[in-house]
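>>> let me see the structure of the following:
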Amino acid sequence: LHDALPISAPDAILFAANHIWVANLFDDTVTKLDSKNGDVVAVFTVGDGPAGLAFDGAKIWVTNRWEDTITAFRAKDGTIRGTFALGDDPQRIAFDGRSMWVANYVDGTVSRLRATNGSGARTYQVGEHPQGIIYDGSSIWVANSGSNTVSKITP
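A predicted model of the protein is given here:
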């Protein structure tokens, strides 16, 4: 058990590319851990308030809550591949095999953008304060904490 890792307000965790990834909300970083022993492999600086993580097979995508962006970086070396503007207060993120889907908490929307290059942004209205988001193999499901509902988006 590693209790003294350089983690500051961990807000999301992901297993991808044989590592554990942790979004550190208050220090604007993502920590890459060795999945076998928990040792820190690397720490990557991202945008303000990282809150959600997803993996597209090559890149880690992280939502930056307090600057309303999403950042993509290469999992192998942390090279930033792009930062893209989104809705208000992006929370969690999901990957459907082609696109990244982001729950935007304040404006009650979900944003979709291409995983290849972050282009083609499209917005879908959902319930109030969407936070959780998953892909089930055919649809996107969104947990709307402010309206006590779940929305289904079929791409």
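
>>> residue ranges in this structure under the pLDDT threshold?
Applying pLDDT under 70 to the chain flags residues 1-6.

>>> what does the helix or strand harbouring Val43 contact?
Using DSSP states H and E, Val43 falls within strand 40-45. Strand 40-45 has contacts (CB atoms under 8 Å, 6 or more residues apart in numbering) with 5-6, 19, 28-34, 73, 78. (C-beta placed from N, C-alpha, C; glycine too.)

>>> would you list the buried entries among these?
Buried members of these, scored by 16 or more other CB atoms under 10 Å, are 19, 28-33, 73.

>>> now for the residue nearest to Ala75 when sequence neighbours are not counted, how many residues are close by?
Spatial nearest neighbour of Ala75, excluding adjacent residues (CB to CB, 6 or more residues apart in numbering): Ala17 at 4.2 Å. As a burial measure, Ala17 scores 16 neighbours (other CB atoms under 10 Å).

>>> before we move on, what about Tyr124?
17.

>>> that's a strand at it, yeah?
Yes - with DSSP: H, G, I helix; E, B strand; the rest coil as the criterion, Tyr124 is part of a strand.

>>> quick revisit: just flag the most distant two among the buried ones among the contacts of strand 40-45.
The largest separation in those, counting by CB to CB, is between His19 and Asp28 at 19.4 Å.
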